[in-house]
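Could you look at this predicted model? Sequence included:
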Amino acid sequence: KAGVTQTPRYLIKTRGQQVTLSCSPISGHRSVSWYQQTPGQGLQFLFEYFSETQRNKGNFPGRFSGRQFSNSRSEMNVSTLELGDSALYLCASSLGSGTGRIADTEAFFGQGTRLTVV
Amino acid sequence: AQSVAQPEDQVNVAEGNPLTVKCTYSVSGNPYLFWYVQYPNRGLQFLLKYITGDNLVKGSYGFEAEFNKSQTSFHLKKPSALVSDSALYFCAVRDKYSGAGSYQLTFGKGTKLSVIP
């Protein structure tokens, strides 16, 4: 069974540019979450999508956005990049639940995309 | 709001000795608790979880964790450490009733475990 796939693995961008990261969840998983990992702030929640709908959003500026497609694949976009956006961006997939109840399943993480802004 | 504290930035242990990585949590309701491990330049690997039931949870690679509700703790343990256990360990919590079915995990800052040969 294939795991969570994130592409690309590494990116170098210039300040002011925009970037799109991609995540393919485990087959059958409908929930995709994104996290930003930095040495100073640790792991911070960006947003979560379930069945193409954003279900929850962390405390990040509007430059950070995402979407989910009908096949559960997800993309996140960062516009007007700043030096402080340099980080490891992790995607996690879970089975998810559409009933409003939270299932007790664990999240499975991809290897991440290392974004460097210069 | 939910939060997780890992009080030790680094834990050093000799190979073959028992290891403990500490975690305390704060949630408004009943918690779902998780431990993940991260090797350099890799994503997070799931180790174990506590949902309900037995307070001692067994997970991958010989790791276990003990849930203590009164102390709001979920410490990770292993009876005999291996050099290959050296990595960054994260404790995470999800409030059972947070959000409209949200899967948001709140992570601790991480503890770097070094197992010395």
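Received, thanks. Numbers count the residues shown, from 1 in each chain, chains lettered A, B, ... in the order given.

Test my guess that residue B:50 contacts residue B:25.
No: counting by CB atoms under 8 Å, residue B:50 sits too far from residue B:25 to count as a contact (10.2 Å). No exception for glycine: its C-beta is placed from N, CA and C like everyone else's.

Name the spans of chain A whose pLDDT lies under the cut-off.
Where chain A drops to pLDDT under 70, the residues are A:1, A:96-104.

Tell me the spatial nearest neighbour of the residue nearest to the spatial centre of it, not counting adjacent residues.
By CA atoms, centre = their mean, chain A has its centre lying nearest to residue A:34, at 2.7 Å. Counting by CB to CB, 6 or more residues apart in numbering or on different chains, residue A:46 is the residue found nearest to residue A:34 once chain neighbours are left out, at 4.1 Å.

Could you say which helix or strand holds the one you found?
Assigned by DSSP states H and E, residue A:46 belongs to strand A:42-50.

what ranges do the strands span in chain B?
B:3-5, B:10-14, B:19-21, B:24-26, B:31-38, B:44-50, B:56-58, B:64-68, B:73-78, B:87-95, B:106-107, B:111-116 (DSSP state E).

Output the ones you listed in a markdown table, with mean pLDDT and mean neighbour count appended to each entry.
Converted to a markdown table, these look like this (pLDDT from 0 to 100; neighbours: other CB atoms under 10 Å in any protein chain shown):
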| stretch | mean pLDDT | mean neighbour count |
| --- | --- | --- |
| strand B:3-5 | 94 | 16 |
| strand B:10-14 | 98 | 14 |
| strand B:19-21 | 98 | 20 |
| strand B:24-26 | 95 | 17 |
| strand B:31-38 | 94 | 24 |
| strand B:44-50 | 94 | 20 |
| strand B:56-58 | 95 | 14 |
| strand B:64-68 | 96 | 18 |
| strand B:73-78 | 98 | 20 |
| strand B:87-95 | 91 | 23 |
| strand B:106-107 | 93 | 21 |
| strand B:111-116 | 97 | 17 |
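
Present the ones you listed as CSV; the columns should include distance to chain A.
Shown next, in CSV, are the strands of chain B (distance: least, CB to the nearest CB, whole Å):
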stretch, distance to chain A
strand B:3-5, 10
strand B:10-14, 14
strand B:19-21, 15
strand B:24-26, 15
strand B:31-38, 6
strand B:44-50, 4
strand B:56-58, 12
strand B:64-68, 13
strand B:73-78, 14
strand B:87-95, 7
strand B:106-107, 4
strand B:111-116, 11
